[in-house]
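*Asks:* got a predicted structure here, sequence first:
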Amino acid sequence: MAMCMCMSHIPASQCLIVIAVTFVTNLGLALKRLTQISFKLSEFDIDEEEKVKRICGLLHYIVILETTQILVPLLYLYYFVVAFHSKGSAVMGNIKFGGWHFTRVNDEDLHDSIQNILLFFIIDVISFLALAGLLNFFLKIDMLKLVRFIAKEYGWAIAVQYVFYVELFACINTVECGMDLTFKFKWLE
């Protein structure tokens with residue numbers, strides 16, 4: 001039975017339920033926020049330029065959020081595969097270290113773990129495409145143009161944030177960071 005991400009104690013069926021709820025929630029919240037903004041903006045006596053600025057700010061937020069949800073699973077997959085095959089994998093939690101609160105991933109489980117991470121990625125891509133289609137259909141907004149614009153304007157800042165994510169993955173899973181969430185601190189003895 002396939003397991004969720006790298007944790008062997010979460011069945012795939014529960015993992016799929018979480019993904020489905022996240023997918024529906026993402027689309028619902030993004031569309032709700034856009035419609036609320038457009039209705040609220042029509043109630044206030046503000047000029048068109050201010051309305052456009054507020055809607056553009058919201059669209060920037062949605063695009064950055066959606067692209068982050070697509071790229072983080074890919075970054076985690078990269079980190080996970082490199083860490084699994086590295087010499088230090090024995091001291092990386094949820095890789096080949098199974099002490100404390102971590103779950104060890106065996107060579108036999110590697111394929112399932114990669115498959116589940118790719119499943120997260122595919123669901124996020126479908127969510128992005130569905131949102132892009134809805135924005136295009138209802139509001140005539142081309143989300144791919146927005147992605148290109150934001151990448152051009154904020155590309156370096158976003159890239160630095162993604163590098164931080166990879167570093168965060170490594171630190172959380174490395175035993176030397178002292179992330180003993182059992183609070184028994186056997187490693188100090």
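*Replies:* Structure's in. What do you need?
*Asks:* so Leu65 sits in a strand?
*Replies:* No: with DSSP: H, G, I helix; E, B strand; the rest coil as the criterion, Leu65 is assigned helix and is not in a strand.
*Asks:* what about it, how many neighbours?
*Replies:* Residues lying near Leu65 (other CB atoms under 10 Å) number 14. Glycine gets a C-beta too; all of them are placed from N, C-alpha and C.
*Asks:* so how far is Leu146 from it?
*Replies:* Distance, Leu65 to Leu146, using CB to CB, to the nearest Å: 12 Å.
*Asks:* in the chain, which residue is closest to the centre?
*Replies:* Centroid-nearest residue in the chain, with CA atoms, centre = their mean: Gln69, separated by 3.5 Å.
*Asks:* mind checking how far the nearest residue to it once chain neighbours are set aside is from His60?
*Replies:* Excluding the flanking residues, the one nearest Gln69 by CB to CB, 6 or more residues apart in numbering is Asp124, at 4.6 Å. Distance of Asp124 to His60, computed by CB to CB: 18 Å.
*Asks:* with Ile114 instead?
*Replies:* Distance from Ile114 to His60, counting by CB to CB: 32 Å.
*Asks:* now do Val166
*Replies:* Taken as CB to CB, the span from Val166 to His60 is 24 Å.
*Asks:* swap in Val52?
*Replies:* Counting by CB to CB - Val52 and His60 are separated by 12 Å.
*Asks:* comparing those two, which shows the higher neighbour count?
*Replies:* His60 (15 against 11).
*Asks:* the nearest residue to the more buried one once chain neighbours are set aside is in what secondary structure piece?
*Replies:* Nearest residue to His60 in three dimensions, chain neighbours excluded: Ile150, at 6.1 Å (CB to CB, 6+ apart). Assigned by DSSP states H and E, Ile150 belongs to helix 143-173.
*Asks:* check Glu108 too.
*Replies:* Short version, using DSSP H and E: Glu108 is in no helix or strand.
*Asks:* next one: the one 5 residues further on
*Replies:* Assignment of secondary structure by DSSP H and E places Ser113 within helix 110-139.
*Asks:* check which helix or strand the closest residue to Ile126 other than its chain neighbours maps to.
*Replies:* Of all residues not flanking Ile126 in the chain, Phe23 sits nearest, at 7.2 Å (CB to CB, 6+ apart). Assigned by DSSP H and E, Phe23 falls within helix 12-43.
*Asks:* pLDDT value on the residue nearest to Gln69, please?
*Replies:* The score at Asp124 is 84. That number is its pLDDT.
*Asks:* in terms of contact, does it touch Thr68 like I think?
*Replies:* No: the pair Asp124 / Thr68 is not scored as a contact, 9.3 Å apart, by CB atoms under 8 Å.
*Asks:* more neighbours: which of these two?
*Replies:* Shown here are Asp124 and Thr68; by other CB under 10 Å, Asp124 has more neighbours (23 against 15).
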